[in-house]
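**Q** Model the structure of this input:
(2 chains, ligands or ions: 2)
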Amino acid sequence: MIKVTNLHKHFGRLEVLRGIDCRIAPQEVVVVIGPSGSGKSTFLRCLNLLEEPTAGEVVVDGVCLTDPKTNINEIRQEVGMVFQRFNLFPHKTALENITLAPLRVRRMSRAQAREVAYNLLAKVGLSDKADVYPDQLSGGQQQRVAIARALAMRPKIMLFDEPTSALDPEMVGEVLAVMKDLAREGMTMVVVTHEMGFAREVGDRVLFMDEGKILEEGAPGQIFSRPGNERLQSFLSKIL
Amino acid sequence: MQIAIHSLPVLLLGAGKTLEITALAVSIGCILGLIGGLSRLSKNRLLRFLGTCYVDFFRGTPLLVQIVIVYFGIPQVMRSFQDYLVYAYGITPFFDNIPIFVAAVISCSLNSGAYIAEIFRAGVQSIEKGQTEAARSLGMTNAQAMRYVILPQAFKRVIPPLGNEFIAMMKDTSLLSVIGFEELFRRGQLIVGATYQAFAIYLSVAFIYLVMTLSFSRLVDYLERRLKTGD
Ligand SMILES: Nc1ncnc2c1ncn2[C@@H]1O[C@H](COP(=O)(O)OP(=O)(O)O)[C@@H](O)[C@H]1O
Ligand SMILES: [Mg+2]
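**A** Ligands and ions are numbered 1, 2, ... in the order given. This is a model prediction of the structure:
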C-alpha cells in the first residue's frame, strides 16, 4: 500500500530524514514513536506530499508521489490526514467541514454529501453537533469531526499526527475509540502517537524513529517488552 | 455663521461627490487589491514581481503626484501619439483630454488598490498554515483552498483595515481639488474665493469631513461586531 525507499528530507542544511525505508501493507496499522524532533511528523507529511522529499521514492497505492508527473491532488484524496491541532475550518459548521471537500473535489451532489456527513457524524458519536461551529466544540469533539472530515473523502489510507497530544486527558479516550473502530474495520493507518495502550491494542507494527532514521521496528509486544536498541530503551523508560 | 449656513447646500453637494469618488475608488481598489495581493503571494516569480512593483510605486509616491500624472501627464503622451497618427496616417484627431471625473477615479483607485493589496496580503498571511494544509490534504487545489478556506476567513479579518482605508481615502480625495474635481474641499475653496470667509467656510468643511469619518468608523465597528458573533 505504501512503499518508502531511501527517503531523505532536508530543511536547508538541517537533515531531518536520513534514509527511511519502509513498507506498509493494506489494512496494516503502523504506530510511529520516537523523541520530539526525530522527524516523525516530517515522515508522515512526506506520505501525502505536504512536505516534498529531498531524495528517495514514495509510492502510495501504486502511484509514485515523487514522480513530477503525478497529480498530487488525486493522491491526496486517497490519503486522509488528521492533525495534532485539528485544523478544522472555523468559518464552517461541523457538517460543512465534512461536506466541503466531497462537494468541491469529488463533485458529489449536495444531498449525497450531506448523507455521507451525517453518517460519519453518527459514527464518531456527534450526530447532534452537525450545525455547530468548531469553537463551540471541545477538543475531543473537534478532533472527531476532523477524523470524519478526512473519512468523507473515502480515503484508502489515514495518517494521524499525534491526534491526542493537544487534548485534555479526559478527552483522549473518545478519540482513540474512534481510531480503534477504524482500525478494526480494516483501514490502513499510520499513527504517530505516544499512546502505548493504543499501540499495543490495535497496532500491527511499531516503528521507532530517532534522528531521522527508523532505528527499530517490530510487533508492539516485542518493542515494548524486549526493546533491543539502547535509545529505544531510554525512550520507553521516559514515557512509560 | 450666516455665510456657513448659506453655503451648506453647496458644501453638501461636494460631500456627496467626495463619498461617491471614495466609494468608487475603494470598490475598484478592492478588485485591484485582490489581484495585487494574490499576485504578491503567488508562486510565480513574474507575478510576484509585478505585484510588488505596483504596490511599491503607488504606496511610495504621493497621491498628489499620481493625480497630476494621470490628469496632466498621460493625456500629453496620448496627444503626442495622436499627433503622430494624424501625421502618419491622416486620421482625424479625436482625443483631447481625460475627463476630470475619469482621471479622479483612475488615480484614486490605483492608489487605493495598492494599499488594499497589502491589506489582503496581510489578511491571507494571518490565516494559520494548518488551514491550507488541511484543505490540501483533502485533495483541494491551491485555488480551491484559497477560495473556500483561506479567503472567507481573511475577508473577516480585513474589514477593520479596509474601513480605515476607506476613511483615509475619504480625506485624501481632497487632493483632487488640484485638478478641479469639485468634491467637498474644492467647493469650500471656491466659496472662500468668492466670499473671503476662510475661517467659517473651512471650519464647516472640516466639520463635514469629521461627521463622515466618524459615522463611517461607527458603521465599521458595528459590522465587525456582527461578524464576530456570526461564527
Ligand atoms: N518547515 C520546516 N522548516 C524547517 N525545519 C523544520 C520544518 N519542519 C520541521 N522542521 C525541523 O525538523 C525536525 C523534525 O521535526 P518533526 O518532523 O516535526 O519531528 P517530530 O514530529 O518527530 O517531533 C525538527 O528539528 C524541526 O525543527
Ligand atoms: Mg511532530
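**Q** Enumerate the residues of chain A near ligand 1.
**A** Counting by CB under 6 Å from any ligand atom, the residues of chain A close to ligand 1 are A:11, A:14, A:16, A:34, A:36-42. In this view, the C-beta of every residue, glycine as well, is placed from N, C-alpha and C.
**Q** Check those residues for burial and list the buried ones.
**A** If you count burial by 16 or more other CB atoms under 10 Å in any protein chain shown, the buried members of these come out as A:16, A:34, A:38-42.
**Q** Where does pLDDT dip in chain A?
**A** For chain A, not a single residue meets the criterion pLDDT under 70.
**Q** returning to what we had before: make JSON lines out of the residues of chain A next to ligand 1 and add secondary structure.
**A** Shown next, in JSON lines, are these (DSSP: H, G, I helix; E, B strand; the rest coil):
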{"residue": "A:F11", "secondary structure": "strand"}
{"residue": "A:L14", "secondary structure": "strand"}
{"residue": "A:V16", "secondary structure": "strand"}
{"residue": "A:G34", "secondary structure": "coil"}
{"residue": "A:S36", "secondary structure": "coil"}
{"residue": "A:G37", "secondary structure": "coil"}
{"residue": "A:S38", "secondary structure": "coil"}
{"residue": "A:G39", "secondary structure": "coil"}
{"residue": "A:K40", "secondary structure": "helix"}
{"residue": "A:S41", "secondary structure": "helix"}
{"residue": "A:T42", "secondary structure": "helix"}
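**Q** Between all of those, which two are separated the most?
**A** Using CB to CB, the residues of chain A next to ligand 1 span at most 17.5 Å, a distance reached by A:F11 and A:G34.
**Q** In chain B, which residue sits nearest ligand 1?
**A** Going by CB to the nearest ligand atom, ligand 1 is nearest to B:K129 of chain B, at 9.1 Å.
**Q** Quick check: which helices or strands does the longest helix along chain A pack against?
**A** Assignment by DSSP state H gives helix A:169-184 as the longest helix of chain A. If contacts are counted by 3 or more CB pairs under 8 Å, 6 or more residues apart in numbering or on different chains; DSSP states H and E, helix A:169-184 sits against helix A:139-151, strand A:188-192, helix A:196-202.
**Q** Would you format these as TSV with distance to B:V105 and mean neighbour count included?
**A** Shown next, in TSV, are the helices and strands packed on helix A:169-184 (distance: least, CB to CB, whole Å; neighbours: other CB atoms under 10 Å in any protein chain shown):
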stretch	distance to B:V105	mean neighbour count
helix A:139-151	45	25
strand A:188-192	56	24
helix A:196-202	63	18
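**Q** what about residue 162, neighbour count?
**A** Using chain A here. 21 (other CB atoms under 10 Å in any protein chain shown).
**Q** right idea, wrong chain: chain B
**A** When neighbours are counted by other CB under 10 Å, B:L162 registers 23.
**Q** before we move on, what about A:A219?
**A** A:A219 - counted by other CB under 10 Å - has 13 other residues nearby.
**Q** Which strands or helices does the lengthiest helix in chain B pack on?
**A** For chain B, the helix with the greatest residue count under DSSP H is helix B:2-41. With contacts taken as 3+ CB pairs under 8 Å, 6+ apart, helix B:2-41 sits against helix B:45-60, helix B:100-125, helix B:151-172, helix B:184-195, helix B:198-230.
**Q** Which SSE is immediately downstream of the second one?
**A** Just to be clear, that refers to helix B:100-125. helix B:129-137 (DSSP states H and E).
**Q** Which one of the buried ones among the residues of chain A next to ligand 1 is nearest to A:R149?
**A** A:S41 (19.3 Å).
**Q** Go ahead and confirm that closest one touches A:V192.
**A** Yes - applying CB atoms under 8 Å as the test, A:S41 and A:V192 come out as touching, 6.7 Å apart.
**Q** Chain A: strands as residue ranges?
**A** Using DSSP state E, the strands of chain A run over residues A:2-11, A:14-24, A:29-33, A:55-60, A:63-64, A:79-82, A:157-161, A:188-192, A:205-210, A:213-218.
**Q** Name every strand pairing with the shortest one and say which way it goes.
**A** What it means is strand A:63-64. strand A:55-60 (antiparallel) (DSSP bridges).
**Q** tell me the angle of the strand it pairs with relative to strand A:157-161?
**A** With axes from the mean of the first three to the mean of the last three CA atoms, to 10 degrees as the basis, strand A:55-60 and strand A:157-161 are set at 130 degrees to each other.
**Q** got the contact list for strand A:55-60?
**A** For strand A:55-60, contacts defined as CB atoms under 8 Å, 6 or more residues apart in numbering or on different chains pick out A:1-8, A:19-20, A:46-49, A:64-66, A:75, A:78-79, A:157.
**Q** among those, which ones are buried?
**A** By 16+ other CB under 10 Å, these give A:1-2, A:4, A:7-8, A:20, A:46-49, A:65-66, A:75, A:78-79, A:157 as buried.
**Q** Which two among these are spaced furthest apart?
**A** Of all pairs drawn from the buried ones among the contacts of strand A:55-60, the greatest distance, 24.0 Å, lies between A:H8 and A:E78 (CB to CB).
**Q** got any ranges where chain B has weak pLDDT?
**A** In chain B, residues with pLDDT under 70: B:229-231.
**Q** Which residue would you name as the spatial centre of it?
**A** B:S112 (3.1 Å; CA atoms, centre = their mean).
**Q** Pretty sure A:K40 sits against A:V32.
**A** Yes - taking CB under 8 Å as the definition, A:K40 is a contact partner of A:V32 at 5.1 Å.
**Q** tell me, what's touching those two both at once?
**A** By CB under 8 Å, 6+ apart, the residues touching both A:K40 and A:V32 are A:192, A:209.
**Q** related to what we said a few turns ago, overlap in contacts, A:S41 and A:V192.
**A** Counting by CB under 8 Å, 6+ apart, the shared contacts of A:S41 and A:V192 are A:161-162.
**Q** residues contacting A:F160?
**A** By CB under 8 Å, 6+ apart, the contact list for A:F160 reads A:81-82, A:179, A:189-193.
**Q** between the residues you listed, which is nearest chain B?
**A** Checking the contacts of A:F160 against chain B by CB to the nearest CB gives A:M81 as the nearest, at 4.1 Å.
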